[in-house]
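Engineer: got a predicted structure plus its sequence, pasted below:
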Amino acid sequence: MKAERVVHVDGQPVALLDSDLTLLDAARRAGRSVPALCHDARVPSGGHCRSCLVRIGGRAVPSCTTPVQAGMELVTDDEVLRAYRHDLAELVRSEVAPGPTVDALLAELGPATGRYPALDRPGRTDASHPYLRLDLSRCITCRLCVRVCAEVQGRFVYSAEGRGATTHITWGPGTFATTACVSCGACASLCPTGAITDVDRQTAPTALDRTVRTTCAYCGVGCQLAVHVAGDRVVAIDGAASPVNHEHLCVKGRYAHGFVTHPDRLRGPLIRRNGLLEPASWDEALALVARELLARGDRAALLSSSRCTTEENYLAQKWFRVALQSNNVDCCARVCHGPSAVGMRRSFGTGAATNTLADLERADCLLVAGSNATEAHPVIGARLVQATLCGAKLIVIDPRLTELARLADCHLRLRPGTNIALLNSLAAVIVEEDLTNAAFLAERAEGLERYREFIVAYRPEQTELITGVPAALVRLAARLYATAARPMQVHGLGVTEHVQGSEGVMLLCNLSLLVGALGREGVGTNPLRGQNNGQGAADMGCEPSFLPGYRPVSDPAARAAVAAVWGREPPPQPGLTLPRIYDAIRSGSITGLFVLGEDVVQTDPDARRVQETLASLEFLVVQELFLSETAKLAHVVLPGASFLEKDGTFTNGERRVQRVRQAVPVVGDARADWRILAELLERSGVPAPYASPADVFDELTQVTPMLAGASYARLEGDGLQWPVPTPAHPGTAVLHREQFPRGRGLLATVDYVPSPALTEAERDGKLLLVTGRALEHYNSGSMTRRTANARLLPHDAVALHPVDAQERSLVEGDAVIVESRFGEAHGVAHCTNSVSPGTVFMTFHFPESGTNRVTSDVVDPLSDCPEYKVTAVDVRRSP
Amino acid sequence: MTATTITFTPDSEAQFQKVVVRYPEKKAALLPALWIAQRQFGWLSEDVMAYVADRLGLFPAEVKSTATFYSMFYKKPMGRFHVQVCTNLSCYLRGSDELLHRCERRMGIHPGETTADGRFSLDYVECLGSCGTAPMMQVNDDFHEDLTFAKLDALLDQWEKA
């Protein structure tokens, strides 16, 4: 045991903890209230304001930046320090416009006596941003905004200009809305004086009734929120302290919550009568749904939702598997990270992220493949930016010049659709230059001999013509990755949503295996889950061939195990995946479909065909927040609840199961989705005696081995990372420490096969369309479009290279048509060198643009995930 | 990008290439790069700062907060003749305040300002390390020492006609 390290704070002995780094830490732990105007735990200390001065012997030192050492004798309060602080307060008062917040802050330091004349510093003001208001006459130049913007978000919007008494905080030349600001709101949340504030808070009632901690329902990062509620209304949202987001949030998580009470919300069930959707009672709607679907049995299919809670996904698949005896259960993970699950399961045996988000800071080399994380997973994106600014090497594989690509040591800017050739060429360099981890390969990999022979054909000098990436750059990247002590991968849909998506993921696994970057901290292969609960939905068996916990439905023992809890076995044959469900609807073998919280008509590829297919159903049920494009086709629409209106759990991309807690009541006559599903189970003859989602969770842990030791009580705080096999198990941050579930890791030999889209583009001189997300919106946009985020980004842009634009006589802002063999989409031309010549990028957030009418029906045969990321298109001016 | 029309001349570019490889990190070349830019453009506009940021892979705000800290980086256009009168101790004792006032009267401006015709900028500065020849001033890159009213007037006459 270590000898106790002690300091004396105002004569009182305090034993130091490892977490006490500065004098301020020690003083505060001793219960002393040392003022510290420019200090906040979220950003490194700056030592700017000097209000935290303490005395050590005869010296007054800033406590926030002075390291604490055992044996020190601190004085936190005496005549001298009080005089310092008072004088400081008077100086600040001379520079700042009086106001209740500033006055209260400074009163702590001493009374106003007008010792110094007012400087009359002009304060810049701005009201151009939908969420932020700036009035720098209230600014005390503490620089918290400058530091959090630079050192947490990495945008460098603010700067402290000038020197001495004229130092002031400012931003670029134009209005605030024209700066590089990404609206994360961190500055407003830190500003101690109200110089930077949230618009939300300016109109807020002063008294809050409660603050509810919950999990954000946008992307798969799983940020923890502190939701401030007054009455039945969400007033504002802050980040909560958590290892996931460290109180940081993005523009969606912090601000985009207004949709909850939007007038468009569905407030009661609807039933189609004489061709029109009309209000109906819950009793009538639920009876109709249960009767119609039960009658169809396995001629019915379920599209569950990665947007809903784990409990809801569990109930939905249980209803289909038990009551309807149908394994036709799939969810939207099919169209995003299905290939990650399939690929990683083939390579390692488990289809989930190998490591944890905290490892982003431990890695010394980051390989970001097909992920525009700063927009699609902004809080992880910010952490990647910081890791890079702090010295980690960054390799980015992306056809676009994304924010991360701009920061990268190596940007491998490949032709869309050529991942396989590029990833193989990286591996080829590692093998050829003998940069592999031989000991790791010998002990934990299989197929090395075959692999060595295979990979020679993919030397970068050979793949250069396919990928367009210079061989020298590939070699440089391979060396950076292979020689790093802790190389870590993160990947996104730019890897998975391809005809060879699953195989692309396997090639990433190959790279991890070759350099031995698995089974320890700071390394690994980590898919960034696109949706808040893609992991949870898949974990719960919302896949046609798996029961909860990834036990194959074809396995008699697995069926028997669930039957012990469910009272009845599910059918043994795997059901149909989403694209095959559409096929079956078209062929007439499936006639009923239940869609839970998903707008497939807007988000699934070849959307026109999806629309026709759904329109041909005998019976379509959509459970939704809004009358989405899909819901408009339904026979019954059931109004569900948003994440702020219900309880449950989401599992984020690092396998962390976290609580979702109800903050406000459900609007109108809508109901929490788990209640609707429990009612449908009852009406289908399956007992569902759940008083709350906790009861559902207790049941699902009985059939999900990796969650067997979890409970709501244990999820309090920061949740648990599965596997959690027993009630005493602490959860698992790093997978595959000793061995892989499949034994040895598989070195997969995968040949590059050009996508039909590439062949078509080459033959017909077409452009290649890449689709993806923008920061301000989330997928179909049904939530974010109904908030002020729509003011930040009001339409889908069609990004094309100036050269391609010129060839088509297009200029910035032109209305354009994007056309493929499958259909037409509409957007506004944006000429930018962030896309390479020959490629076009488009988001899919607005139904009127119809982006997915253009995308193809080509799928990855291993996972049935569609190829959203390459489509051959023409772009022309809209007539 | 707004700075597309702003670019280093071949001469500035050559100097830039020399300083940028001098340090282990590009960021460290910021101050010398700003000097090169100021010599070429005369002052550091937002666009020039953005250009330097772009060339060094920095954020514009980093460049701006650095540049605005130093009084010798100019944030507005300067006159053809930048008259900097030393008012530190040695020069003061030998009448530099009188010289400065004379400059103000003749130019019709105060320290920190530039004449409307863009001919003169006037500043008072701290010690320029030439106390032995006080009072003195620096105009552009040249020292003018052992100043008297007559000497100052002659110089100003000459520059007014230049």
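Structural biologist: Happy to help now that I have it. Numbering: from 1, shown residues only, chains lettered A, B, ... in the order given.
Engineer: which residues of chain B lie near chain A?
Structural biologist: The interface of chain B toward chain A, taken as CB under 8 Å from any CB of the partner chain, is made up of B:46, B:59, B:60, B:61, B:62, B:64, B:65, B:68, B:69, B:71. C-beta: built from backbone N, CA, C; applies to glycine.
Engineer: grab the nearest non-local neighbour of the last one.
Structural biologist: Yep, that's residue B:71 we're talking about. Using CB to CB, 6 or more residues apart in numbering or on different chains and skipping residues adjacent in sequence, the residue nearest residue B:71 is residue A:163, 7.7 Å away.
Engineer: burial measure for that neighbour, as a count.
Structural biologist: When neighbours are counted by other CB atoms under 10 Å in any protein chain shown, residue A:163 registers 11.
Engineer: likewise for residue B:82?
Structural biologist: Neighbours of residue B:82 under the rule other CB under 10 Å: 17.
Engineer: go on, residue A:16?
Structural biologist: The number of residues near residue A:16, taken as other CB under 10 Å, comes to 18.
Engineer: for the nearest residue to it once chain neighbours are set aside, give me its contacts.
Structural biologist: Residue nearest to residue A:16 in three dimensions, not counting chain neighbours: residue A:5, with 4.3 Å by CB to CB, 6+ apart. Contacts of residue A:5 were listed using CB atoms under 8 Å, 6 or more residues apart in numbering or on different chains, and they are A:15, A:16, A:70.
Engineer: how far away is residue A:5 from residue A:842?
Structural biologist: Counting by CB to CB, to the nearest Å, the gap between residue A:5 and residue A:842 amounts to 59 Å.
Engineer: domains in chain B, by residue range?
Structural biologist: Partitioning chain B according to automatic domain parsing yields domains covering residues B:3-69, B:81-161.
Engineer: can I assume residue A:550 is in contact with residue A:351?
Structural biologist: Yes. Between residue A:550 and residue A:351 a contact is recorded at 7.4 Å, counting by CB atoms under 8 Å.
Engineer: neighbour-wise, which of these two wins?
Structural biologist: residue A:351 (27 against 22).
Engineer: skip the chain neighbours and tell me the closest residue to the more buried one.
Structural biologist: Excluding its sequence neighbours, the residue lying closest to residue A:351 (CB to CB, 6+ apart) is residue A:341, at 3.2 Å.
Engineer: can you list the low-confidence ranges for the chain?
Structural biologist: All of this refers to chain A. Applying pLDDT under 70 to chain A flags residues A:1-3.
Engineer: my bad, the chain I had in mind was chain B
Structural biologist: By pLDDT under 70, the low-scoring segments of chain B are B:1-4.
Engineer: and the gap between the spatially most central residue of it and chain A?
Structural biologist: Residue closest to the average C-alpha location in chain B (CA atoms, centre = their mean): residue B:72, at 5.2 Å. For residue B:72, the distance to chain A (CB to the nearest CB, to the nearest Å) stands at 12 Å.
Engineer: next one: phi and psi at that residue?
Structural biologist: Dihedral angles phi and psi of residue B:72 (degrees, to the nearest 10) take the values phi -80, psi -10.
Engineer: from residue A:165, how far out is it?
Structural biologist: Distance, residue B:72 to residue A:165, using CB to CB: 19 Å.
Engineer: next: residue A:779.
Structural biologist: With distances taken as CB to CB, residue A:779 is found 50 Å from residue A:165.
Engineer: out of these two, which sits in the busier spot?
Structural biologist: Under the neighbour definition other CB under 10 Å, residue A:779 and residue A:165 were set side by side, and residue A:779 has more, 22 against 13.
Engineer: show me what contacts the nearest residue to the more buried one once chain neighbours are set aside?
Structural biologist: The shortest distance from residue A:779 to any non-neighbouring residue, by CB to CB, 6+ apart, is to residue A:603 (6.0 Å). For residue A:603, the contacting residues are A:332, A:335, A:779, A:780, A:844, A:852, taking CB under 8 Å, 6+ apart as the criterion.
Engineer: what's the neighbour count on the first one?
Structural biologist: Using other CB under 10 Å, residue A:332 has 29 neighbouring residues.
Engineer: what of the fourth one?
Structural biologist: Residues within reach of residue A:780, counting by other CB under 10 Å, total 23.
Engineer: I'd say it and residue A:847 touch.
Structural biologist: Yes. Applying CB under 8 Å as the test, residue A:780 and residue A:847 come out as touching, 7.4 Å apart.
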